[in-house]
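>>> Have a look; sequence and predicted model below, questions after that.
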Amino acid sequence: MLNQSLLEESLGVLGESLAERGVIFEIVAVGGGSLLLLGLTSRPTADLDIVAFIEAGRYLKPSILPADLADAARATARVVGIREDWINVGPAALLDFGLPAGFANRTVERRYGGLVVHLAGRQDQVFLKLYAAVDQGPSSKHFQDLVALSPSREELLDAARWAMTHDPSPGFRSELLKALAGLGVDDADRHL
């Protein structure tokens, strides 16, 4: 598992490796790893989730890690002693229906040699974590992360409205209302 220090070290080694290869990658990270890097949680995580690559200022949906990045990430894993899949494109499907409005303007940029990481800001983490928590339930790490972010009632309602753009089904709405009630928003049905 990666704590904040080990994740920072791993990104440093990866960035150096990319710089030595003469390549630069610009990525957008979400999830537990980005929460750690921002100091918003202390829960260790297994990986860093990439939701997009940035090329010429545009967010591009990744299907796999580019060869240079994948090779350097595996080499980093061996040097640092972590899992080879410590960096992945698991949440890339979020781009299919869009990230929260203004997402790119709220990211926090970190540079590690040949790697530029744009970390989802706190507000967007609330949106993404609520969506994931509804999908995986109140005992999930996503729900725990959401609680750790201490979102306001309005933030949760805004996040719920966005989440419903990704899954407008009645079943999702029902689970969403349960999750919101578990977070102290008992009257969400009247506001969504």
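Ah, there it is. Numbers count the residues shown, from 1 in each chain.
>>> buried ones in stretch 71-79?
Residues of stretch 71-79 classed as buried: A72, A73, T76, A77 (neighbour count, 16 or more other Cβ atoms under 10 Å). Using the backbone N, CA and C atoms, a C-beta is placed for each residue, glycine as well.
>>> domain ranges for the chain?
4-120, 123-184 (automatic domain parsing).
>>> any chance of the ones you listed in TSV, plus distance to R190 and mean pLDDT?
Formatted as TSV, the domains of the chain follow (distance: least, Cβ to Cβ, whole Å; pLDDT from 0 to 100):
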stretch	distance to R190	mean pLDDT
domain 4-120	22	96
domain 123-184	10	95
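>>> Distance to H191 added to those domains, as JSON lines?
Formatted as JSON lines, these follow (distance: least, Cβ to Cβ, whole Å):
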{"stretch": "domain 4-120", "distance to H191": "17"}
{"stretch": "domain 123-184", "distance to H191": "5"}
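>>> In contact with the spatially closest residue to R110 that is not a sequence neighbour, which residues?
Excluding the flanking residues, the one nearest R110 by Cβ to Cβ, 6 or more residues apart in numbering is V117, at 4.7 Å. Going by Cβ atoms under 8 Å, 6 or more residues apart in numbering, V117 touches L11, I27, V28, A29, L37, E109, R110, R111.
>>> wait, the fourth one sits on I50?
Yes. Under the criterion of Cβ atoms under 8 Å, A29 makes contact with I50 at 5.9 Å.
>>> Could you pull up phi and psi at G114?
phi -80, psi 20 (degrees, to the nearest 10).
>>> can you count the residues close to it?
Counted with other Cβ atoms under 10 Å, residues neighbouring G114 total 21.
>>> For the nearest residue to V23 once chain neighbours are set aside, I want the exact helix or strand it lies within.
Leaving aside its sequence neighbours, V23 sits nearest to D68 (Cβ to Cβ, 6+ apart; 4.9 Å). Element membership for D68 (DSSP states H and E) is helix 67-80.
>>> list the helices and strands the helix or strand just after that helix packs on?
Counting by DSSP H and E, the next helix or strand C-terminal to helix 67-80 is strand 87-88. Judged by 3 or more Cβ pairs under 8 Å, 6 or more residues apart in numbering; DSSP states H and E, strand 87-88 is in contact with strand 48-55.
>>> if we can go back for a sec, so the residue nearest to R110: helix, strand or coil?
strand (DSSP: H, G, I helix; E, B strand; the rest coil).
>>> just A92 next, same as before
helix.
>>> Relative to I50, how far out is the most centrally placed residue in the chain?
Central residue of the chain (Cα atoms, centre = their mean): V30, 1.4 Å from the mean position. Between V30 and I50 the distance is 8 Å, computed by Cβ to Cβ, to the nearest Å.
>>> This completes my enquiry, with thanks.
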